[in-house]
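Novice: Sharing a model that was predicted from the sequence below.
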Amino acid sequence: MSPTKWITAVNAKGIISKSGRYGGTFAHSDIALEFASWISAEFKLYIIKDYKRLKTDESSRFSLGWNLNREISKLNYRIHTDAIKENLLPPELTAYQISMTYASEADLLNVALFGITAKQWREENTKMKGNIRDYATLNQLLVLANMESYNAILIEQDKSQAERVQLLHQLARSQLKAIEEIGTSEIKKLEKK
């Protein structure tokens, strides 16, 4: 009996079978571990140890950089949105106009850093889920956090959007260059701490 027929016959949960290119039978980790014990106790132990190692590597590699960036982004996002609210939003705007102003400022940062708006990115990457920032490198996310703070200052200085996009683009280029010159060795030192 094929895996697909078995899955259908017993209404199995936690296991799927796909045919064709990149196909295969995929199971929840608990089911896979039980399958490993059916083969042999030694094989199950090997699978468990390797699975734990992979999970530990994955969490240690991503957690520090991701959490640090997340906290910095939260702070800078608040600074950025407060500057927009206090300097760019007249009280008579509708909720739609307010949301468009925030979106326009987010796209200003996207254009300055990535050279493209969120909408353009979605149109060019229809098969990818999420948004442009979900696919940014750690270096780009760090620069983006700095750009949010700098844009807040520029807004308070009453700089036009055209001036701000040029200044933000210059900042992005210089900071990315500096980070690349430092290299990933310094970032790796942080991840080990």
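Specialist: Cool, got the structure. Residues are numbered from 1 along each chain as shown.
Novice: do you know how far E156 is from L113?
Specialist: Distance, E156 to L113, by Cβ to Cβ, to the nearest Å: 21 Å. C-betas here are computed from N, CA, C, even on glycine.
Novice: I'd like the secondary structure assignment at T126, please.
Specialist: Secondary structure, DSSP: H, G, I helix; E, B strand; the rest coil: T126 is coil.
Novice: Mind pulling up the pLDDT for it?
Specialist: Reading off the per-residue confidence, T126 sits at a pLDDT of 90.
Novice: circling back to that earlier point, show me which of E156 and L113 is the more surrounded one.
Specialist: Applying other Cβ atoms under 10 Å to E156 and L113 shows that L113 carries more neighbours, namely 23 against 12.
Novice: Now do that one against R78, distance only.
Specialist: Taking Cβ to Cβ, one finds L113 at 19 Å from R78.
Novice: swap in W121?
Specialist: 25 Å.
Novice: which stretches of the chain have low pLDDT?
Specialist: Within the chain, the ranges that satisfy pLDDT under 70 run 60-67, 70, 184-193.
Novice: Swap in 90 and give it another go.
Specialist: Under the criterion pLDDT under 90, the flagged ranges of the chain are 1-93, 98, 102, 127-142, 145, 178-193.
Novice: Break it down into its structural domains.
Specialist: If you go by automatic domain parsing, the domain ranges for the chain are 3-39, 57-192.
Novice: Perfect, that will be all.
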